[in-house]
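Q: predicted model and sequence follow; I will ask about them next.
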Amino acid sequence: AIPAVLMGATPVTAADHVDVLGIDIDNLTMEEALAAILITLKSPEPAQVCFVNADCANITCRDREYLEVLKGASLTLADGIGMRLAGKILGQPIRENVNGTDLFPRLSDALSRTGQGLYLLGGRPGIAEGVAQWLQEHYPQLVISGTHHGYFSTAEEPDVIAEIARSEAAVLMVAFGAPKQDQWIARNLAATRVKVAMGVGGLFDFYSGNIPRAPQWMREVNAEWLY
């Protein structure tokens, strides 16, 4: 419970943007982030959403291309206790841990009521299909536009992109790990023809049942990193 004690309550007056190592973080709550994504789905311009945890922030210090991708994203969200601690140290409180794993069911529920489709790209063969099965069980009205594993070659990449475009998915989730997933989205967002694309790291492994998440009590005291 030590991390929870260190964090304390975040002031409601916290700034709308926080700078961590040159990364402009959109300082939103989980519900505000979900609302922003749903609004973006109505925009004519495609959008990239990035989740930034402490490891991602460290990577940007030696990978300038990744830093530029984060700077160019439509939404850059603070993921994890490490980023909240960074905000506290910098005197720029971060309102909430907005991670893709917890946002996923909320977004899936919202999408299931719009008729817009979701495409799952990444993980080992069979993992994305496992996530699709979980979604069908929990959100049967959600349109699963397609799935594809992340182990395709450079030569096969154009076919994968074309498949996503043909699916007419509104949202694309890419699970390649950072920074690869975010850089891939930045290069190919327009070609996929989706409305919103986001890199989701290990999310597929959790929801496919391949890797268990920390128990609920550990998540509630901000100790998921320890698990």
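A: On my side now, so go ahead.
Q: hey, let's count contacts and neighbours off CA atoms from now on
A: Noted.
Q: output the contacting helices and strands for the helix or strand containing Ala35.
A: Element membership for Ala35 (DSSP states H and E) is helix 30-40. Contacts defined by 3 or more C-alpha pairs under 8 Å, 6 or more residues apart in numbering; DSSP states H and E place helix 30-40 against helix 100-112.
Q: the helix it packs on: which residues count as buried?
A: 100-101, 104, 107-112 (16 or more other C-alpha atoms under 10 Å).
Q: for these, which one is nearest Arg166?
A: Distance to Arg166, by C-alpha to C-alpha, is smallest for Leu111 among those, at 18.9 Å.
Q: and the helix holding Ala35, what's buried?
A: Buried residues in helix 30-40, counted by 16+ other C-alpha under 10 Å: 30, 33-34, 37-38, 40.
Q: for stretch 191-198, same thing?
A: Within stretch 191-198, the residues that count as buried by 16+ other C-alpha under 10 Å are 192-198.
Q: circling back to that earlier point, and of the buried residues of helix 100-112, the nearest to Asp205?
A: Nearest to Asp205 out of the buried residues of helix 100-112 is Thr101 (C-alpha to C-alpha; 10.2 Å).
Q: skip the chain neighbours and tell me the closest residue to that closest one.
A: Take Thr101 and drop its neighbours on the chain: the residue closest to it by C-alpha to C-alpha, 6 or more residues apart in numbering is Leu203, 5.5 Å away.
Q: okay, that neighbour and Leu67: tell me how far apart.
A: Distance of Leu203 to Leu67, given as C-alpha to C-alpha, to the nearest Å: 22 Å.
Q: which one of the two is surrounded by more residues?
A: Neighbour totals were compared for Leu203 and Leu67, and Leu203 leads with 24 against 21 (other C-alpha atoms under 10 Å).
Q: my guess is the more buried one contacts Val174. True?
A: No: with contact defined as C-alpha atoms under 8 Å, Leu203 does not reach Val174; the gap is 9.5 Å.
Q: so Ile25: helix, strand or coil?
A: Following DSSP: H, G, I helix; E, B strand; the rest coil, Ile25 is assigned to strand.
Q: with Thr76 instead?
A: With three-state DSSP as the criterion, Thr76 reads strand.
Q: and the closest residue in space to it that isn't next to it in sequence, what is it in contact with?
A: Leaving out its chain neighbours, the residue that sits closest to Thr76 by C-alpha to C-alpha, 6+ apart is Cys50, at 4.8 Å. Going by C-alpha atoms under 8 Å, 6 or more residues apart in numbering, Cys50 touches 70, 73, 75-77, 182, 198-199.
Q: how does it look with 10 Å?
A: 25, 69-79, 99-100, 178, 181-182, 185, 197-200 (C-alpha atoms under 10 Å, 6 or more residues apart in numbering).
Q: for the helix or strand hosting it, what is the distance to the chain centroid?
A: Secondary structure from DSSP H and E places Cys50 in strand 47-52. Computed by C-alpha atoms, centre = their mean, to the nearest Å, the chain-centroid distance of strand 47-52 equals 6 Å.
Q: could I get it in PDB with only the CA atoms?
A: The C-alpha trace of strand 47-52 is given here as PDB (Å, rounded to 0.1, in the frame of the first residue of the first chain):
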ATOM      1  CA  ALA A  47      -6.200   9.800 -34.800                       C
ATOM      2  CA  GLN A  48      -3.400   8.000 -33.000                       C
ATOM      3  CA  VAL A  49      -3.700   7.300 -29.200                       C
ATOM      4  CA  CYS A  50      -0.600   6.500 -27.200                       C
ATOM      5  CA  PHE A  51      -0.300   5.100 -23.700                       C
ATOM      6  CA  VAL A  52       3.000   6.100 -22.000                       C
END
